[in-house]
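Q: Using only what follows, build the 3D model:
(one chain, ligands or ions: 1)
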Amino acid sequence: MSTFIVETLTDALADLDLKPWAVPGALVVGGLGVCYLVFRRSGLPLPPGPTISWLGLGGKNGVKMPQAYAWLVFADWQKKYGDVIYINVFRNPLLVVNSAEAAVDLLEQKSAIYSSRPVRTMQAEVMGFSWLFSGLPYGPWYKKHRTMFHHHFQAKAIPKYHHTLVDSAHTLLRNLSRTPENLLHHLRRTTTAIVLSVCYGHHVAEQGDDYVKLADQAMAGVGLSANFGTFLVDYIPLLKYVPAWFPGAKFKRDGLRWRKLGLEMWNRPFDMVKTRLAEGSAEPCLATTELEDLFRQANPDPDVETLIKDVSATAYAAGSDTTLSILLSFFLAMVIHPEIQERAFAEITAAIPDGDRLPSFEDRDKLPYLDCLVQECLRWNPVGNVALAHSLTEDDVYRGWRVPKGTTVLANIWAMLHEPSRYPSPSSFDPDRFSEAQRVNGLNPLPELAYGFGRRICPGRFLATDTIWIVVVSVIASYRILKPLDEAGKEVTPEVAYTPGLFRHVVPFNLYFADLVYLTVARNHLGTGLCRGQRR
Ligand code: HEM
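A: Numbering: from 1, shown residues only. Presented below is the predicted three-dimensional model:
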């Protein structure tokens, strides 16, 4: 074969009547060209950025790598270094992207090389959350996960879950009427119940159950470890071998505790589905559909069961805290802005003039302001202020700078959704900015960036947006959310304050639910009764 190729090439060159030195000459010139390009590329400067002190801990030789409220620190650095910032933390190259323009140029336009994930030693190895496919590097195993996930959570699959979403929102209304002071718990129950039903066909009890508690405990660790810069072991992987008893190895002791919770999250609901399948009592859901499909195959792929388990557990982990955070922001925004509540409520009364039922997805076209309200909740205080880290798989050049292969890319979503040139008065909560009249000349684009970028964009976004929508319309239709009163009987406006981690939440605040007379009939059908919350 090879003799044939050489002979064919020789014949072809003979036909071209080339001089004997032409081929070696072309090779030398080509080789020099490649060397020049490589040299030119490696001679390019790195993007600007601060010097991070040794191990990123701060000190006189450089600045500290931010561990809390990183998005605000990165936005501050932007004033000095621009929207693309390069930093080096103990030989780990990091690129912070602060503008939507640069994020689209890199993470969307060049998604073929910007879609992997960096190795997260703390999360994957110390804590044992390697089953989270959101942390997998880009490759065939990752793609199999993403394809299965997409099949169950793509836009056209979501309407079949609408009845679950409506049921969960109505349970929330009932729970709020009984114990409004437990708002956080009730919201967590709502978001977790939805993913547990979709993935495992499990119906969470009205007041919540063990699986809700488990997600709450386990996600605390995931939130911390997903925040780039929190754990030294992510920069120096060898630290994973430090024994848990070693002084200062708190990360190891915490990691082992979270490992137990993580394994429980991965195993317990999946084992429950398998037991129910064996007993014939399993409900249709992601896990049963995929497992039944697997059992029907003559030569099943032994990896597929792990795949199903990973995909369901990732949805369970990724789907509860994120949506919860946006819902908490919604309640905070409503306490602060009674006028926005009034307007949203007026839209509902116009759409359902008899007030004899609660709104549902069929009413969506008649509720454009409610849609704008949901979009503003996603933009105002995004849940993932810094997107999950992406990783670059090939050397790149951007705006004349060299970006080396292996660079971890941190996209500052918060900064992008607060760019004053795109979102005027970015700190104000203003649903109207998404009305047609205000979305002109590139202003106020829908906050799709809240869900990330390119090939790693959040695949749960359709379920998330519909969940937020149904909760928002159901609550606005049923309650007036009021400011609490101080001892002198004066209204107290809560502060807009958030926790510092990756899945950030509103700092607890007080609010008061007043029953609305309107739609009481519909709510009485649901058994919500009167609100027992005390306005204090
Ligand atoms: C308001 C709610 C949510 C927000 C704001 C949100 C946001 C995000 C963001 C910013 C990312 C990282 C994207 C990137 O790396 O560029 C992400 C990834 C992900 N999200 Fe969400 N998410 C939400 C809800 C959900 C829900 C409900 C689910 C599951 C049902 C989910 C599943 C995932 C998964 C599996 C990934 C990893 C994707 C990958 O690595 O390929 N998310 N999400």
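Q: contacts, neighbours, all on C-alpha from now
A: Will do.
Q: any idea whether the closest residue to the ligand within the stretch 1-150 of the chain is helix, strand or coil?
A: For the stretch 1-150 of the chain and the ligand, the shortest gap (Cα to the nearest ligand atom) falls at residue 134, measuring 3.4 Å. Assigned with DSSP: H, G, I helix; E, B strand; the rest coil, residue 134 falls in the helix class.
Q: nearest spatial neighbour of residue 304, skipping sequence neighbours?
A: The spatial neighbour of residue 304 that comes closest, neighbours along the chain excluded (Cα to Cα, 6 or more residues apart in numbering), is residue 294 at 7.5 Å.
Q: Mind listing what's buried along the helix or strand where residue 147 lies?
A: Assigned by DSSP states H and E, residue 147 belongs to helix 140-153. Buried residues in helix 140-153, defined by neighbour count with 16 or more other Cα atoms under 10 Å: 142, 145, 146, 148, 149, 152, 153.
Q: And stretch 284-294, by the same measure?
A: Quick answer for stretch 284-294 (16+ other Cα under 10 Å): 285, 286, 287, 288, 290, 291, 294.
Q: quick one: which helix or strand includes the residue lying closest to residue 369 once chain neighbours are set aside?
A: Ranked by Cα to Cα, 6+ apart and with sequence neighbours excluded, the top spatial neighbour of residue 369 is residue 344, at 6.5 Å. Element membership of residue 344, judged by DSSP H and E, is helix 338-351.
Q: related to what we said a few turns ago, quick check: the farthest pair among the buried residues of stretch 284-294?
A: Within the buried residues of stretch 284-294, two members stand farthest from each other by Cα to Cα: 285 and 294, at 14.1 Å.
Q: Any chance you could list what contacts stretch 435-445?
A: With Cα atoms under 8 Å, 6 or more residues apart in numbering as the test, stretch 435-445 has contacts from 369, 372, 421, 422, 423, 424, 432, 433, 434.
Q: Can you give me the buried ones in that stretch?
A: Of the residues in stretch 435-445, those buried (16+ other Cα under 10 Å) are 439, 444, 445.
Q: least trustworthy position among those residues, going by pLDDT?
A: Among the buried residues of stretch 435-445, residue 439 carries the weakest pLDDT, at 92.
Q: about what we covered before: need the buried residues of helix 140-153 in TSV with distance to the ligand and pLDDT, can you?
A: Formatted as TSV, the buried residues of helix 140-153 follow (distance: Cα to the nearest ligand atom, whole Å; pLDDT from 0 to 100):
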residue	distance to the ligand	pLDDT
142	8	97
145	8	98
146	6	98
148	11	97
149	7	98
152	9	98
153	7	98
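Q: Export the residues you listed as CSV, with columns for distance to residue 49.
A: Listed next are the buried residues of helix 140-153 as CSV, based on distance: Cα to Cα, whole Å:
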residue, distance to residue 49
142, 32
145, 36
146, 34
148, 40
149, 37
152, 42
153, 39
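Q: Can you tell me which of these is nearest residue 401?
A: residue 142 (29.9 Å).
Q: ok, that closest one touching residue 133?
A: Yes: using Cα atoms under 8 Å, residue 142 makes contact with residue 133 at a distance of 6.6 Å.
Q: Which residue ranges of the stretch 351-500 of the chain form strands?
A: 390-391, 396-398, 401-403, 408-411, 479-482 (DSSP state E, counting those that start in this stretch).
Q: ok, the last one: who's next to it in the sheet?
A: Listed by DSSP bridges, the sheet partners of strand 479-482 and their directions read strand 512-515 (antiparallel).
Q: For residue 175, see how far away the nearest residue to residue 157 once chain neighbours are set aside is.
A: Once flanking residues are discounted, residue 157 sits nearest to residue 151: 7.6 Å by Cα to Cα, 6+ apart. Residue 151 sits at a distance of 33 Å from residue 175 (criterion: Cα to Cα, to the nearest Å).
Q: And for residue 214?
A: From residue 214 to residue 175 the distance is 20 Å (Cα to Cα).
Q: Please identify which of the two sits among more neighbours.
A: Ranked by neighbour count (other Cα atoms under 10 Å), residue 214 and residue 175 place residue 175 first, with 22 against 15.
Q: Setting aside sequence neighbours, what's the nearest residue to the more buried one?
A: Per Cα to Cα, 6+ apart, closest to residue 175 is residue 186, 6.6 Å.
Q: counting contacts, what elements does the host helix or strand of the one you found pack onto?
A: In the assignment (DSSP H and E), residue 186 maps to helix 183-200. Using 3 or more Cα pairs under 8 Å, 6 or more residues apart in numbering; DSSP states H and E as the contact test, the elements touching helix 183-200 are helix 162-178, helix 210-226, helix 250-279, helix 286-296, helix 304-336.
Q: and the protein, which of its residues are near the ligand?
A: Residues of the chain lying near the ligand by Cα under 6 Å from any ligand atom: 134, 314-315, 318-319, 322-323, 326, 383-384, 387-388, 450-453, 456-461, 463-464.
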